[in-house]
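In: got a structure for you, letters missing:
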């Protein structure tokens, strides 16, 4: 069982940066693949980035080069550094956990946080 709590969301302007954090409970955090997803109003939840237990990273094309996912297994934390934010990045961002390595789909994740709102003004 893994419990996830996101933080770091807020209101920023276009071009600004923001770092989201996700605190995870559980002794086996280091064995999970961790992902970030987002959901804008009226849209389906979509994949943003993931980092495997080996440290391999994967990104959606829309954020590649702007967002960076990282993890600190000693602190049971996963981060999403978001640079050059755009209005289309505005959404509720969710942290998620799953077993296995290459996991990019909502349905492949077992544990979810409550989400944190990111608002980008133009």
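Out: Thanks, I have it. Fair warning: this is a prediction, and the values are worked out from it, not measured in the lab.
In: show me the contacts for the residue nearest to the spatial centre of the chain.
Out: For the chain, the residue nearest the mean C-alpha position is residue 36 (2.2 Å; Cα atoms, centre = their mean). With contact taken as Cβ atoms under 8 Å, 6 or more residues apart in numbering, residue 36 is in contact with 20, 22, 48-50, 69, 78, 80, 93-96. No exception for glycine: its C-beta is placed from N, CA and C like everyone else's.
In: keep only those of the residues you listed that are in helices.
Out: Members of those lying in helices (criterion: DSSP state H): none.
In: distance check, the closest residue to residue 29 other than its chain neighbours against residue 62.
Out: Nearest non-adjacent residue to residue 29, counting by Cβ to Cβ, 6 or more residues apart in numbering: residue 76, 4.5 Å away. Distance, residue 76 to residue 62, using Cβ to Cβ, to the nearest Å: 28 Å.
In: between the two, who's got more neighbours?
Out: It is residue 76, of residue 76 and residue 62, that has more neighbours when counted by other Cβ atoms under 10 Å, with 17 against 14.
In: shouldn't the more buried one be in contact with residue 24?
Out: Yes: between residue 76 and residue 24 there is a contact under Cβ atoms under 8 Å: 4.6 Å.
In: now tabulate the contacts of residue 36 in a markdown table and tack on pLDDT and distance to residue 4.
Out: Converted to a markdown table, these look like this (pLDDT from 0 to 100; distance: Cβ to Cβ, whole Å):
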| residue | pLDDT | distance to residue 4 |
| --- | --- | --- |
| 20 | 98 | 12 |
| 22 | 98 | 6 |
| 48 | 98 | 15 |
| 49 | 98 | 15 |
| 50 | 97 | 14 |
| 69 | 98 | 14 |
| 78 | 98 | 9 |
| 80 | 98 | 13 |
| 93 | 98 | 12 |
| 94 | 98 | 8 |
| 95 | 98 | 5 |
| 96 | 97 | 7 |
